[in-house]
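Student: Predicted model and sequence below, questions to follow.
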Amino acid sequence: MGRLRGKVAIITGAGRGMGQSHARVFVEQGCKVVLTDLNAETGNAIAAELGENAIFVEQDVTRLESWASVVSAAQDRFGGVDILVNNAGILGPLATTQDLSEAEYLTVCAVNQHSVFFGMKAVLPAMLTRGRGSIVNISSIAGMAANYGFPSLAYVASKFAVRGMTKATAMEYGKHNIRVNSVHPGFIQTPMMVEATDEVGGEALAQIPLGRIADPREVSNLVLFLASDESSYITGAEHLVDAGMLAH
Ligand code: NAD
């Protein structure tokens, strides 16, 4: 308990799946959390359940202007920003390259990739004021290898980009005590994963060395470590939480 005591975090995509799990774990560890999501109904319900150390702000992460109100909410209610978890994401259509439309490609890149730039750009001034910060960008095993089980050039492109953007910003801001890391989950039991496996069948799951899909908390534990001061000498790095999927 208390591994994030005194810290304020913004977690995007916290209305369900891994984002809501990260928010629960952060509040358990003494953090004050601003949850954001497109879905105000589930986001508000989770924040209410978490109590006075959590608030919900409705946000579309692809809109740069939405970020100013999220940062203001963190500052007005909790006094600043120490942690950003760029978690919101979509899988997009499971289509081959020739079948993927321009609009579909651009949408996936906007949600998974451009939002990470917007989020980092928005919180960095607040972190510089604070003299510290930890940014955790959620990529995927699809940000490390293209053979992760589903055909989607856009998802792979966006998740590889997140890995590179993480390193670029880590290089720039290390001297200011702001750390930036990427997390690369394998198959995690969330609504996104359930919808995807319904569509492609279970064959992708046969590739998991530990032989099971993860509970979201197993990713939250890594995100918690990277957000906390326990990882004080770790930045610009990519962190797999994939049950060994990329070990072959
Ligand atoms: P999910 O679909 O269960 O939840 C994602 C949340 O993001 C939803 O609440 C959704 O409303 C929100 N969201 C989507 N678009 C948004 C937008 N434009 N603005 C604000 N919020 C938006 O997904 P998840 O499985 O919990 O995935 C979380 C992250 O982890 C994503 O970045 C995903 O790509 C990544 N990931 C997931 C898996 C997996 O197996 N589930 C594996 C690797 C990486």
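Tutor: Looks like it arrived, so ask away.
Student: pLDDT value on E203, please?
Tutor: pLDDT, E203: 69.
Student: typo on my end, M1
Tutor: As predicted, M1 sits at a pLDDT of 80.
Student: Relative to T190, how far out is it?
Tutor: 25 Å (C-beta to C-beta, to the nearest Å). In short, each C-beta sits where N, CA and C put it, glycine included.
Student: What parts of this protein come near the ligand?
Tutor: 12-13, 15-19, 37-39, 59-62, 87-90, 111, 138, 140, 185, 187-188, 190-193 (C-beta under 6 Å from any ligand atom).
Student: Report whether the expected contact of L128 with I178 is present.
Tutor: Yes - with contact defined as C-beta atoms under 8 Å, L128 reaches I178; the gap is 7.4 Å.
Student: What residues sit buried inside stretch 36-45?
Tutor: Neighbour counts over stretch 36-45 (16 or more other C-beta atoms under 10 Å) mark 36-38, 42-44 as buried.
Student: I misspoke; the intended subject was stretch 132-142.
Tutor: In stretch 132-142, counting by 16+ other C-beta under 10 Å, buried: 132-142.
Student: for stretch 6-24, same thing?
Tutor: The neighbour-count check on stretch 6-24 (16+ other C-beta under 10 Å) flags 7-24 as buried.
Student: what sits up against stretch 69-78?
Tutor: For stretch 69-78, contacts defined as C-beta atoms under 8 Å, 6 or more residues apart in numbering pick out 8, 10, 32, 34, 36, 55, 57, 59, 80-81, 122-123, 126.
Student: Now, of these, which are buried?
Tutor: Buried by 16+ other C-beta under 10 Å: 8, 10, 32, 34, 36, 55, 57, 59, 80-81, 122-123, 126, out of these.
Student: Now these in CSV, please, with extra columns for secondary structure.
Tutor: Shown next, in CSV, are the buried ones among the contacts of stretch 69-78 (DSSP: H, G, I helix; E, B strand; the rest coil):
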residue, secondary structure
V8, strand
I10, strand
K32, strand
V34, strand
T36, strand
I55, strand
V57, strand
Q59, coil
G80, coil
V81, coil
A122, helix
V123, helix
A126, helix
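Student: Make CSV from those residues and add pLDDT to it.
Tutor: Listed next are the buried ones among the contacts of stretch 69-78 as CSV, based on pLDDT from 0 to 100:
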residue, pLDDT
V8, 98
I10, 99
K32, 98
V34, 99
T36, 99
I55, 98
V57, 98
Q59, 98
G80, 98
V81, 98
A122, 98
V123, 98
A126, 98
